[in-house]
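[1] quick one, fold the following:
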Amino acid sequence: MPRQFFVGGNFKMNGTADSITSIIKNLNAAKLDESAEVVVSPPTLYLLPARQAAGEKIGVAAQNVFDKPNGAFTGEISVEQLRDVKIDWTIIGHSERRVILKESDEFIARKVKAAIDGGLSVIFCIGETLEEREANKTIDVVTKQLNAVAKELTKEQWAKVVIAYEPVWAIGTGKVATTAQAQEVHAAIRKWLVDAISAEAADNTRIIYGGSVSEKNCRDLAKEADVDGFLVGGASLKPAFVDIINARL
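    Predicted coordinates:
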């Protein structure tokens with residue numbers, strides 16, 4: 001079976017009740033690739049109205065989740081709370097949280113485990129900085145990030161993970177990895193899955209690309225053998241998000 005194309009929209013700290021509802025209603029009404037899985041990720045405050053507004057074909061993801069089930073953790077949100085309001089996905093490991101909020105590989109891995117143990121699916125983000133790429137450390141960096149999660153999950157639990165390769169130097173900068181650069185890293189991640197997890201996981205796990213994805217570059221990227229979709233930032237707030245979802249049509 002071919003892997004199902006996956007497109008996530010990470011709204012980050014953007015939007016209001018009106019604008020987010022409008023985006024979702026436009027997606028509901030749009031003619032979308034029926035074979036694609038689409039998940040949008042609004043700020044925490046708007047998860048519930050987003051889930052209420054979204055039709056059955058649109059999934060909704062949190063932008064964060066904590067690694068503990070409950071307790072004195074001001075400002076955090078638990079897996080159980082997300083599940084309680086019918087949220088089925090969460091983004092974990094985004095470079096903005098790794099860099100700005102200093103989340104470690106180990107903490108991120110614990111969050112992935114907590115999310116999956118509690119019934120969520122995870123968009124797990126990995127990627128290198130410009131300095132790491134220029135030092136030819138890209139594969140070392142993403143492998144280290146992947147290995148941290150591999151210590152926490154069973155082989156079967158990888159079925160609940162979508163891996164998002166997002167080179168830090170391409171996020172929000174307008175710079176995009178070339179199709180060859182993206183394919184090279186995605187192929188290395190798939191080889192890691194074969195070696196570290198299983199051939200089945202390598203065949204079935206979707207590896208998506210993020211980093212200044214737009215309606216202008218998505219079609220060429222989508223042609224690559226190991227690019228199974230996209231995690232879209234700023235463009236997910238715009239009408240062009242529909243074109244990215246339909247990149248394979």
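[2] helices along the chain, start to end?
    In the chain, helices defined by DSSP state H lie at 17-29, 47-53, 79-84, 95-99, 105-117, 130-134, 138-150, 179-196, 199-204, 218-222, 241-245, listed in chain order.
[3] mean neighbour count and mean pLDDT added to those helices, as TSV?
    The C-beta positions use only the backbone N, C-alpha and C, and glycine is treated the same way. Listed next are the helices of the chain as TSV, based on neighbours: other Cβ atoms under 10 Å; pLDDT from 0 to 100:
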stretch	mean neighbour count	mean pLDDT
helix 17-29	16	98
helix 47-53	18	98
helix 79-84	17	98
helix 95-99	18	96
helix 105-117	21	98
helix 130-134	14	93
helix 138-150	18	98
helix 179-196	17	97
helix 199-204	15	98
helix 218-222	20	97
helix 241-245	23	98
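[4] mind putting these into CSV with distance to Ile123?
    CSV is the format used below for those (distance: least, Cβ to Cβ, whole Å):
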stretch, distance to Ile123
helix 17-29, 17
helix 47-53, 15
helix 79-84, 13
helix 95-99, 13
helix 105-117, 10
helix 130-134, 22
helix 138-150, 12
helix 179-196, 14
helix 199-204, 16
helix 218-222, 17
helix 241-245, 15
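[5] nearest to Gln157, of these?
    helix 105-117 (5.1 Å; Cβ to Cβ).
[6] report the angle between the closest one and helix 138-150.
    Using axes from the mean of the first three to the mean of the last three Cα atoms, to 10 degrees, the direction of helix 105-117 lies 50 degrees away from that of helix 138-150.
[7] ok now helix 105-117, how far from the chain's centre?
    Here helix 105-117 is found 14 Å from its chain centre; the criterion is Cα atoms, centre = their mean, to the nearest Å.
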